[in-house]
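[1] Predicted structure and sequence below. I'll ask about it afterward.
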Amino acid sequence: MVRRLQARVSGHVQGVGFRGFVALRAQRLRLRGYVRNLMGGEVEVVAEGEEHDLRNLLQVLEAGPRAARVTNVQVSWAEPTGEFASFTVRGTSY
């Protein structure tokens, strides 16, 4: 079943390669969407794909790369919009 995952990751998650880490794993899972830094120091992830692949990505978000320290992951699920052709790293949201 195709779903949409929206997540906001808190902790020491900027300046540690978090976006590239997430993008690589999302691409390997054949997900579509994006990852970007938010001004408040969090990272936002929006991904669409098969639910089991999204749950695998969620485990990646909870762990983070070695240099990160994830303290919280807020998650919401929605119906997919089909707006993404691939998974990309976006610039910081202002």
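    Received it, and whenever you're ready, just let me know what you need. Numbering: from 1, shown residues only.
[2] helices or strands up against the helix of greatest length in the chain?
    Determined from DSSP state H, the single longest helix within the chain is helix 51-63. Packing contacts for helix 51-63, counted by 3 or more CB pairs under 8 Å, 6 or more residues apart in numbering; DSSP states H and E, involve strand 2-12, helix 18-28, strand 43-50, strand 69-78. Quick note: C-beta positions are derived from backbone N, CA and C, even for glycine.
[3] could you check the angle strand 69-78 makes with the third one?
    It refers to strand 43-50. Interaxial angle of strand 43-50 relative to strand 69-78 (axes from the mean of the first three to the mean of the last three CA atoms, to 10 degrees): 50 degrees.
[4] List the neighbouring strands of strand 43-50 plus their orientation.
    strand 2-12 (antiparallel), strand 32-37 (antiparallel) (DSSP bridges).
[5] what about that strand, average pLDDT?
    Across strand 43-50, pLDDT averages out at 98.
[6] what is the mean pLDDT for stretch 6-14?
    98.
[7] got the CA positions of that stretch in PDB?
    Once non-C-alpha atoms are left out, stretch 6-14 reads as follows in PDB (Å, rounded to 0.1, in the frame of the first residue of the first chain):
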ATOM      1  CA  GLN A   6       5.800  13.300   7.100                       C
ATOM      2  CA  ALA A   7       8.400  13.500   9.800                       C
ATOM      3  CA  ARG A   8      10.200  16.200  11.900                       C
ATOM      4  CA  VAL A   9      13.400  15.000  13.500                       C
ATOM      5  CA  SER A  10      14.800  16.900  16.500                       C
ATOM      6  CA  GLY A  11      18.100  16.700  18.300                       C
ATOM      7  CA  HIS A  12      21.700  17.300  17.000                       C
ATOM      8  CA  VAL A  13      20.700  16.700  13.400                       C
ATOM      9  CA  GLN A  14      22.100  19.600  11.400                       C
END
